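> Sequence and computational prediction follow.
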Amino acid sequence: MSGPTDGAPFGRRLARVAANERLGAYNVLRVADPAMTGVLPGQFAMLAAAERWGGGEDERPFLARAFSVARQSGEESSYVLEDVGPGTRRLCELRAGDEVWVLGPLGRPFAAPEPDAAGMRRAILVGGGVGIAPLAILQDSLGADATTVLLGFRDRERVPGAELLRGAELATDDGSAGHRGLVTELLERELVADAHAAVYSCGPAGMLEGVRAICERAGVPAQLALEAGMACGFGACFGCVVPRRGGGYLRVCVDGPVIDAAELEHVEAHAGAPE
Amino acid sequence: MSGPTDGAPFGRRLARVAANERLGAYNVLRVADPAMTGVLPGQFAMLAAAERWGGGEDERPFLARAFSVARQSGEESSYVLEDVGPGTRRLCELRAGDEVWVLGPLGRPFAAPEPDAAGMRRAILVGGGVGIAPLAILQDSLGADATTVLLGFRDRERVPGAELLRGAELATDDGSAGHRGLVTELLERELVADAHAAVYSCGPAGMLEGVRAICERAGVPAQLALEAGMACGFGACFGCVVPRRGGGYLRVCVDGPVIDAAELEHVEAHAGAPE
Amino acid sequence: MSVEFCGLRLAHPVINGSGTFDAIAARRAFGDALAEAFPFSAYVSKTITLEPRAGNPPPRLWETAAGMINSIGLPNKGLAAYLAEDLPALAGLRADPAGSADGERAAVPVITNVMGSSGEELARLVEACDEPEAIAAIELNVSCPNVKTGLDIGADPAQLQSVVAGLRGRTAKPLIVKLTPNAADVPAFAQAAQDGGADAVSLINTLRAMALAPGAGPARPWLGGGTGGLSGPAIRPAALAQVAAVAARVAVPVVGMGGVQSAAHARDLLDVGATLVAVGTESFRDPRAGARIAAGLQ
Amino acid sequence: MSVEFCGLRLAHPVINGSGTFDAIAARRAFGDALAEAFPFSAYVSKTITLEPRAGNPPPRLWETAAGMINSIGLPNKGLAAYLAEDLPALAGLRADPAGSADGERAAVPVITNVMGSSGEELARLVEACDEPEAIAAIELNVSCPNVKTGLDIGADPAQLQSVVAGLRGRTAKPLIVKLTPNAADVPAFAQAAQDGGADAVSLINTLRAMALAPGAGPARPWLGGGTGGLSGPAIRPAALAQVAAVAARVAVPVVGMGGVQSAAHARDLLDVGATLVAVGTESFRDPRAGARIAAGLQ
Ligand SMILES: Cc1cc2nc3c(=O)[nH]c(=O)nc-3n(C[C@H](O)[C@H](O)[C@H](O)COP(=O)(O)OP(=O)(O)OC[C@H]3O[C@@H](n4cnc5c(N)ncnc54)[C@H](O)[C@@H]3O)c2cc1C
Ligand SMILES: Cc1cc2nc3c(=O)[nH]c(=O)nc-3n(C[C@H](O)[C@H](O)[C@H](O)COP(=O)(O)OP(=O)(O)OC[C@H]3O[C@@H](n4cnc5c(N)ncnc54)[C@H](O)[C@@H]3O)c2cc1C
Ligand SMILES: Cc1cc2nc3c(=O)[nH]c(=O)nc-3n(C[C@H](O)[C@H](O)[C@H](O)COP(=O)(O)O)c2cc1C
Ligand SMILES: Cc1cc2nc3c(=O)[nH]c(=O)nc-3n(C[C@H](O)[C@H](O)[C@H](O)COP(=O)(O)O)c2cc1C
Ligand code: FES
Ligand code: FES
């Protein structure tokens, strides 16, 4: 789990949908895909339906879409989908037996926690909405007992997403479950209690910026799994950039999606990631 | 059944697929569509799947597709589809309950036979391949006993299409059913036996040209249901033309699809109709 | 949302693109419902020429990814027959109330689109259109990619300006210049049209395009006319850029078109500065698209 | 079907469009498999400029109907770092045998694409590319819609010819001029490039395009760069027309591109006179598209 992998299979492949089940407002798409074995937490795949990828809203989708691998059990990969437009809608329609194009695993994964002078920092996983996906596979690898999990959801319909992780403490905008308010408020409380921690986070840009700022103030290392509109997912188009601290840009698909918070001035919301 | 209708409902409408069954190499698509009641033999509709019309071969289809109404039983219309590309393929996929956009009935229907000095000419229906569709509804209106039906098919897989009409005599290219050879050979034989007939024909351009030439030689009136690549189906695009005898062009969608053979020099194969 | 355009009050901002809706044929196909609920707030005729034209040999259509190529070649019965036969038949069209806020059936003015192969021809066309009451405005098509005009006013701003200036004096009716999109600097042509005295500009016309016949055998162009013009959603992003650039450059109203399928697409064109939006290809898929879009804009 | 292009022997006629494939990043993502089965018979670099460029602010992408708009803005590390770091890393690429009839893994020559904002800048770029063995040919990008070049050689054939003529003497390597598609008479630019001494021309680059940010609120352009360039299947019919017109006009070989997704699309471009076909956007959807298409051409 250190640094990028030695490489995904070169080229997209057809894989069969094993199941596509509702989980509250989300879909959990399970794909039989041996080639994904060895995926590391935080990595993603570019997915497209093999049939009828197009002809939806505004004659889209056209390009493949990026999705975090949420779990890998043996030869089966799971993805968590939120229907926010023509691409996710089409993928949410797929039934067991349908085929999807898969390219991956792609991108830079979460880096393993390393002990410092004071010993091992505890891992705090902070997820928002569909951003829980990469945290699920991260918890699988770190172990449930080794992690504190804080998840935020917009409303009751999305709360079932929490079932993908174990022992999660919740925050909801509408107070339908757990703390009424932002998950970042839970994080601040945790860091006040014990700042010898490492934060791993994924969610909407607004939340990630909150996590970044809180961790910076508390001097806690944070790894943020970012989103950006992507055309290719493997560094070819230079389209998925976010500003890098000190100037220039990072390609989220190859320099990320997991980026050390120290590399970012701010997490900005504009590169096509659904909020 | 004389001349064009007073008008189709203005605007396309969503209609539900009642059934979509295989008939040899063809599909019979049945659509619950009260607005089609009153359709006249030879008229057609523009059809498009309500969902995912696009994203197939070459990112097509985009435009709606023209199909002859093959039968109207009460509020249910039947169409006979042959899968020759992305549009027909998508329509062949539809299941009962799916929705289709329908525009129609459109176009000039077959004109009713009228008695001449020698009395009523017998009606000979000559169909080739999927061109049987408008002849089925024509036979429904003329009555089985009043019609001689000659149908040609390429091969055994297509022969079941003959079930859509009653008492058909067959010709097949591969001799798998009826006369081995062209349906136009059957027509010539019929006209030699008794030329006091009127021919109603639909099929590939090559066959229609044969029918036209034979009837011209025999001095027999013929009405030909033509095909042409269409964008609109209601006279808006001027795209569906065929050369008119004596110069200029006819719009197949509004001047046809049923055109009196006398109006044509030749039936040419090039305007996008599948051969 | 009724709108004012070159002194004409229109029920809503959605009209048809020239050559993409034949109101007379549509009336035959759909009966009086068409005339009583016309999808557009103004009706733009297909391009009319001095002499009758048969148009290009078939095939004239090719479907593309999210669009189509046409090579129609401006078939029309010629000026005289248009004025004598078509113009009267176009009387009495009423806009679909679904498109207008107040729900009344506004009359639908006729905009006659003309093309000539010389300034002299254009002059005769414009003068002929100036007389009839029934013609509310004149659109000059200087941009059809499917026809060789002797004239190169689609390719040289200076020539365009002088031609428009020469026509300006011949009619008091609004003069709309339809620009070619196949140019490096489209705003320069818009500017030239304005400087020549045009009351408005419209764009985009189709993009020059081509397709080869499918299947085996030696390669040959599919279209009878050899090349054609690309339209539909495929070109919408290019249209939006050209309309925005033109609207930023000229003061006269702009009729924006190119791939519009929905109210959101029309809104985009209005947002970048268009006064009216025209719908072409989408009407082929949905004859009532104009009214649907106008209703969505409210 | 190995092919000869400007003195280079290539395993097959399919290369990448500049800026649509980063072989170094791809090698990191896919490991050595990428280097041992490279999908293209030659590798065209992203456009290199004299000084490093960060590129345009995000968002840089917008998906359209059967295509996409990009406003990348030519980010690159600049000539010096390209030569020092990237060029060596590009050594040892071998073409996917699936694409070549004889099934051998041919070496993949590097074509370096450069852009300058003055003839002087271009001269320095061309001279710098003339030295290294590892650069087999040079492509001049005079057509990027997303960058303001002081130079207007994308808009004036005469200027293009004199600039090319000025560069011709500075290298013996094949000089490819990438033409702008945003012009009224693209063949005139191809002719000018040929007359200036170019060994080949390539087209089409992206079509100028625009998108507005979705959702409520005041209208604003979506792309950080304001406008962008349209690519993908949507533009294929326009690309085919331009490539056919250019190939009919010039004697030098033509690299045709624009919306190619399949061997049939590549075949069309070859049929109208292209010697090579480049694949851009389709590689984003299918990184092995080049090899798939090359295999289909056999
Ligand atoms: C590394 C990574 C991992 C991800 N993991 C997940 C995951 O696990 N689960 C999940 O549900 N999602 C995930 N996403 C987000 C997912 O990729 C997007 O939700 C998806 O691409 C949306 O596609 P769409 O067609 O459904 O919606 P779109 O219509 O593409 O809309 C999505 C957003 O893109 C913008 N947009 C709208 N129209 C366009 C257009 N025409 N062109 C470009 N942008 C447009 C808007 O900001 C909109 O909110 C991930 C993204 C990345 C980069
Ligand atoms: C009045 C009328 C009635 C009809 N009735 C029937 C019927 O009852 N049953 C039936 O099965 N069919 C019928 N047809 C034919 C039917 O409309 C076509 O088969 C259908 O449009 C094909 O669409 P597609 O996408 O499946 O195939 P396409 O890919 O459109 O191919 C069909 C033909 O169009 C041409 N073509 C190929 N690519 C393109 C392109 N990109 N753009 C334009 N043309 C192209 C070729 O000649 C090809 O053979 C009728 C046609 C008309 C005009
Ligand atoms: C079949 C067809 C015929 C057309 N005929 C004309 C015409 O006669 N005169 C004209 O000025 N434009 C003509 N156009 C161009 C349209 O008016 C419009 O400018 C173009 O199609 C872009 O709009 P759209 O994408 O909504 O179709 C035609 C377009 C099509 C598709
Ligand atoms: C994301 C992206 C980046 C591009 N960058 C460059 C570039 O740096 N230099 C250049 O000459 N062309 C560039 N192009 C243009 C392509 O090389 C090609 O000309 C164009 O995309 C048409 O081909 P396609 O439709 O197959 O993509 C770029 C295109 C895209 C989509
Ligand atoms: S998505 Fe193409 S470079 Fe990142
Ligand atoms: S199909 Fe458009 S005029 Fe006939």
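Happy to help now that I have it. Ligands and ions are numbered 1, 2, ... in the order given.
> Where does the residue of the stretch 101-250 of chain C found nearest ligand 5 sit, in terms of helix or strand?
Taking CB to the nearest ligand atom, ligand 5 has its nearest neighbour within the stretch 101-250 of chain C at residue C:237, 18.9 Å off. Quick note: C-beta positions are derived from backbone N, CA and C, even for glycine. Assessed by DSSP states H and E, residue C:237 sits inside helix C:236-249.
> So what touches that helix?
Where contact means CB atoms under 8 Å, 6 or more residues apart in numbering or on different chains, the residues beyond helix C:236-249 that reach it are C:179, C:181, C:186-187, C:190-191, C:201, C:203-204, C:207, C:254, C:256-260, C:265, C:268-269, C:272-274, D:62, D:64-65, D:67, D:69, D:207-212, D:227, D:230, D:234.
> for stretch A:67-76, same thing?
With contacts defined as CB under 8 Å, 6+ apart, stretch A:67-76 is touched by A:18, A:28, A:30-34, A:36-37, A:39, A:42-45, A:47, A:77-81, A:104-105, A:132-134, A:136-137, A:140, A:164, A:202, A:225, A:257.
> So which other helices or strands are in contact with the helix or strand where residue A:105 lies?
Counting by DSSP H and E, the secondary-structure element that holds residue A:105 is strand A:99-106. Of the remaining helices and strands, those touching strand A:99-106 by 3 or more CB pairs under 8 Å, 6 or more residues apart in numbering or on different chains; DSSP states H and E are strand A:13-23, strand A:44-49.
> quick one, which of the ones you listed is nearest to chain C?
With distances scored as CB to the nearest CB, the stretch of the helices and strands packed on strand A:99-106 nearest to chain C is strand A:44-49 (15.7 Å).
> Can you give me every residue that contacts the closest residue to ligand 4 within the stretch 151-275 of chain A?
Taking CB to the nearest ligand atom as the measure, the point where the stretch 151-275 of chain A comes nearest ligand 4 is residue A:237, at 4.2 Å. The contact partners of residue A:237, by CB under 8 Å, 6+ apart, come to A:230-231, D:20, D:61, D:70, D:72, D:284.
> Inside helices: which ones of those?
Secondary structure of these is defined by DSSP state H; positions in helices are residue D:284.
> Which member of the contacts of residue A:237 is positioned nearest ligand 2?
Distance to ligand 2 across these (CB to the nearest ligand atom) is lowest for residue D:284, with 23.4 Å.
> related to what we said a few turns ago, out of the contacts of helix C:236-249, which are close to ligand 2?
Intersecting these with the contacts of ligand 2 gives an empty set (criterion: CB under 6 Å from any ligand atom).
> If any of those residues are buried, give me the PyMOL selection for them.
Here is the PyMOL command that picks out the buried ones among these, judged by 16 or more other CB atoms under 10 Å in any protein chain shown:
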select buried, (chain C and resi 179+181+186+187+190+191+201+203+204+207+254+256+257+258+259+260+265+268+269+272+273+274) or (chain D and resi 62+64+65+67+69+207+208+209+210+211+212+227+230+234)
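> Now narrow the contacts of helix C:236-249 to whatever sits close to chain A.
D:64-65, D:67 (CB under 8 Å from any CB of the partner chain).
> The residues you listed: which ones sit near ligand 6?
Applying CB under 6 Å from any ligand atom to these, one finds that nothing falls near ligand 6.
> from these, which is closest to ligand 4?
Ligand 4 has its nearest neighbour among those in residue D:67, at 7.3 Å by CB to the nearest ligand atom.
> among the contacts of helix C:236-249, which are in helices?
Going by DSSP H, the helices hold C:186-187, C:190-191, C:265, C:268-269 from those.
> Quick check: the farthest pair among these?
The largest separation in these, counting by CB to CB, is between C:191 and C:265 at 25.9 Å.
> show me where chain A has helices.
Along chain A, counting by DSSP H, helices occupy A:86-93, A:133-142, A:183-193, A:205-218.
> by contact count, what packs against the shortest one?
Judged by 3+ CB pairs under 8 Å, 6+ apart, the packing partners of helix A:86-93 are strand A:26-32, strand A:44-49, strand A:65-68, strand A:76-82.
> Need those strands in a markdown table (columns: distance to residue C:161 and mean pLDDT).
A markdown table is the format used below for the helices and strands packed on helix A:86-93 (distance: least, CB to CB, whole Å; pLDDT from 0 to 100):
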| stretch | distance to residue C:161 | mean pLDDT |
| --- | --- | --- |
| strand A:26-32 | 59 | 98 |
| strand A:44-49 | 49 | 98 |
| strand A:65-68 | 49 | 98 |
| strand A:76-82 | 54 | 98 |
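> returning to what we had before: which pLDDT value goes with the residue of the stretch 101-250 of chain C closest to ligand 5?
Per-residue confidence at residue C:237 stands at 98 (pLDDT).
> Contact partners for the closest residue to residue A:60 other than its chain neighbours?
Using CB to CB, 6 or more residues apart in numbering or on different chains and skipping residues adjacent in sequence, the residue nearest residue A:60 is residue A:86, 4.5 Å away. If a contact means CB under 8 Å, 6+ apart, then residue A:86 has A:56-58, A:60-61 as its contacts.
> OK, contacts around the closest residue to residue A:67 other than its chain neighbours?
Residue nearest to residue A:67 in three dimensions, not counting chain neighbours: residue A:79, with 4.5 Å by CB to CB, 6+ apart. With CB under 8 Å, 6+ apart as the criterion, the residues that contact residue A:79 are A:28-31, A:45, A:47, A:67-70, A:133.
> Show the pLDDT at residue A:105.
Note for residue A:105: predicted pLDDT of 98.
> Could you do residue C:148 as well?
In this prediction residue C:148 is given a pLDDT of 56.
> Next: residue A:73.
Reading off the confidence values, residue A:73 has pLDDT 96.
> pLDDT at the residue of chain A found nearest ligand 2, what is it?
Nearest to ligand 2 in chain A, going by CB to the nearest ligand atom, is residue A:55, at a distance of 12.5 Å. Model confidence at residue A:55, expressed as pLDDT, equals 95.
> and if you look at residue A:4?
Predicted confidence (pLDDT) at residue A:4: the value is 39.
> try residue A:231
Among the per-residue scores, residue A:231 holds a pLDDT of 98.
> Let me see the backbone angles for it.
Here the main-chain torsion angles of residue A:231 (degrees, to the nearest 10) amount to phi -100, psi -40.
> And for the one 3 residues further on?
According to degrees, to the nearest 10, the main-chain angles of residue A:234 amount to phi -130, psi 30.
> Not counting sequence-adjacent ones, nearest residue to it?
Counting by CB to CB, 6+ apart, residue D:29 is the residue found nearest to residue A:234 once chain neighbours are left out, at 4.3 Å.
> Any stretches of the chain with poor pLDDT?
Because you didn't say which chain, this covers chain A. Confidence mapping of chain A against pLDDT under 70 gives the ranges A:1-5, A:270-275.
> look at chain C instead
For chain C, the stretches with pLDDT under 70 are C:144-152.
> Which positions in the stretch 51-200 of chain C make contact with ligand 3?
C:70, C:72, C:74, C:113, C:141, C:144, C:178.
> close enough to count as contact, the residue of chain A closest to ligand 2 and residue B:50?
No: using CB atoms under 8 Å as the test, residue A:55 is too far from residue B:50 to be in contact (10.6 Å).
> which of the helices of chain A is buried the deepest?
helix A:133-142 (a mean of 24; mean count of other CB atoms under 10 Å in any protein chain shown).
> Quick check: residue A:169 vs ligand 6, distance?
Going from residue A:169 to ligand 6 by CB to the nearest ligand atom, to the nearest Å gives 63 Å.
> Pretty sure that residue sits against residue A:189.
No: contact status for residue A:169 versus residue A:189: not in contact, 9.7 Å apart, counting by CB under 8 Å.
> that older thread, now find how far off-centre the helix holding residue C:237 is within its chain.
When C-alpha coordinates are averaged (CA atoms, centre = their mean, to the nearest Å), helix C:236-249 and its chain have centres 16 Å apart.
> try stretch C:172-190
What separates the centre of stretch C:172-190 from the centre of its chain is 12 Å, taken as CA atoms, centre = their mean.
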